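**Q** show me how the following folds:
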Amino acid sequence: MLSFQGYSVLFYIDRNEIITDQRILDKVPVYKDISKVPQNILKEIDMLMVALGNKTAANEVKAILSKFTNVTVKTIHEQPYESIYLNMSQKKLSYLEECGFYRSRVEHASVDKDGSPLPWIAYPCIEFLSTRITKDLNVFEYGSGSSTLWWSEKVNKVFSVEHDKEWFEKTRKQLINPNVDLVYKKLAYNGQYSKEVLKHRDLDIVVIDGRDRVNCAINSAHSLSKRGVIIWDNTDRISYEEGYKFLQDKGYKRIDFIGMMPMFDFKSQTSIFYKDKNWLNL
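**A** Numbers count the residues shown, from 1 in each chain. So this is what the prediction gives:
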């Protein structure tokens with residue numbers, strides 16, 4: 001179980017020196033008792049887990065093991081695998097810790113491991129963009145928040161439109177950099193909100209992560225520069241199919257980024273729509 005969750009199982013102990021279940025696939029050595037385990041391997045482990053179904057027997061084995069090593073010995077009865085995973089995850093610099101997922105869960109905010117804002121999109125897309133963004137880019141985004149703060153640190157100019165007045169005020173108070181132009185527009189189908197982008201030309205990036213997304217996509221195509229791209233979140237939703245087809249008919253290609261995103265542990269999808277000679281060099 002632990003090995004499937006990203007932790008290294010260095011050895012098993014079994015009195016018959018045989019592991020009959022699927023763990024044998026790990027090709028981990030099996031020792032008859034703790035005294036047979038080489039000292040150099042014992043020094044590498046953080047914990048010994050006694051996984052016996054009988055609680056009394058498990059405690060007896062724990063007592064025996066404790067005499068042979070100073071390593072913490074736990075039984076599955078006092079600390080289930082799930083609890084061990086959560087505790088060990090605080091010590092292990094796993095991918096989820098490195099990208100800030102654990103912290104985002106605790107703070108219920110789209111942040112990285114240091115507490116800095118992140119766009120609320122799939123992590124693979126964030127990583128991809130982070131390696132290619134340059135300071136000369138101009139961005140327009142539908143939907144504001146952590147992404148607005150993130151973009152403002154990395155590009156020349158950010159134009160953002162928000163339909164939620166309360167969220168608009170909250171985001172506005174968080175803005176530090178003067179390169180952000182955040183506006184509020186009431187939401188109406190193919191109304192001022194989706195058409196706000198038409199006030200701009202030669203945009204390098206349009207981020208679609210708000211409402212009325214199909215109309216946002218249709219209007220955005222008129223405001224992009226020749227090297228511009230559209231970053232569209234939640235493209236696993238078939239309700240936006242009309243917008244995807246519109247961009248495809250306009251000659252846009254598409255690349256999907258699939259994975260987890262800040263705060264939530266389910267799969268999400270963010271896509272980039274682009275043409276040849278785009279600034280991403282796709």
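**Q** tell me where this protein has strands.
**A** Per DSSP state E, the chain carries strands over the ranges 12-13, 30-31, 47-50, 72-75, 138-142, 157-162, 180-184, 203-208, 224-233, 253-261, 264-274.
**Q** I'd like the ones you listed as a markdown table, with distance to S130, mean pLDDT and mean neighbour count appended.
**A** All C-beta spots, glycine's among them, are computed from the backbone N, C-alpha and C. Shown next, in a markdown table, are those (distance: least, CB to CB, whole Å; pLDDT from 0 to 100; neighbours: other CB atoms under 10 Å):
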| stretch | distance to S130 | mean pLDDT | mean neighbour count |
| --- | --- | --- | --- |
| strand 12-13 | 40 | 70 | 16 |
| strand 30-31 | 43 | 78 | 16 |
| strand 47-50 | 35 | 80 | 18 |
| strand 72-75 | 38 | 83 | 17 |
| strand 138-142 | 14 | 99 | 25 |
| strand 157-162 | 16 | 98 | 24 |
| strand 180-184 | 19 | 98 | 16 |
| strand 203-208 | 13 | 99 | 25 |
| strand 224-233 | 13 | 98 | 22 |
| strand 253-261 | 12 | 97 | 17 |
| strand 264-274 | 13 | 95 | 19 |
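**Q** would you turn those into TSV with distance to E241?
**A** Below are those laid out as TSV (distance: least, CB to CB, whole Å):
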stretch	distance to E241
strand 12-13	50
strand 30-31	53
strand 47-50	48
strand 72-75	51
strand 138-142	18
strand 157-162	23
strand 180-184	29
strand 203-208	14
strand 224-233	12
strand 253-261	12
strand 264-274	12
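**Q** which one of those strands lies nearest to K195?
**A** With respect to K195, and counting by CB to CB, the nearest of these is strand 157-162 at 9.5 Å.
**Q** what helices or strands is the closest one leaning on?
**A** Counting contacts by 3 or more CB pairs under 8 Å, 6 or more residues apart in numbering; DSSP states H and E, strand 157-162 packs against strand 138-142, helix 146-152, helix 165-174, strand 180-184.
**Q** what are the pairing partners of it, and which direction each?
**A** strand 138-142 (parallel), strand 180-184 (parallel) (DSSP bridges).
**Q** can you add distance to T131 and give these back as TSV?
**A** What follows is the strands paired with strand 157-162, written out as TSV (distance: least, CB to CB, whole Å):
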stretch	distance to T131
strand 138-142	17
strand 180-184	23
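**Q** relative to D14, which of these is closest?
**A** D14 sits nearest to strand 138-142 of all the strands paired with strand 157-162, at 56.8 Å, using CB to CB.
**Q** quick one on the thing from earlier: need the helices and strands packed on strand 157-162 in CSV (columns: distance to A63).
**A** Shown next, in CSV, are the helices and strands packed on strand 157-162 (distance: least, CB to CB, whole Å):
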stretch, distance to A63
strand 138-142, 60
helix 146-152, 51
helix 165-174, 55
strand 180-184, 62
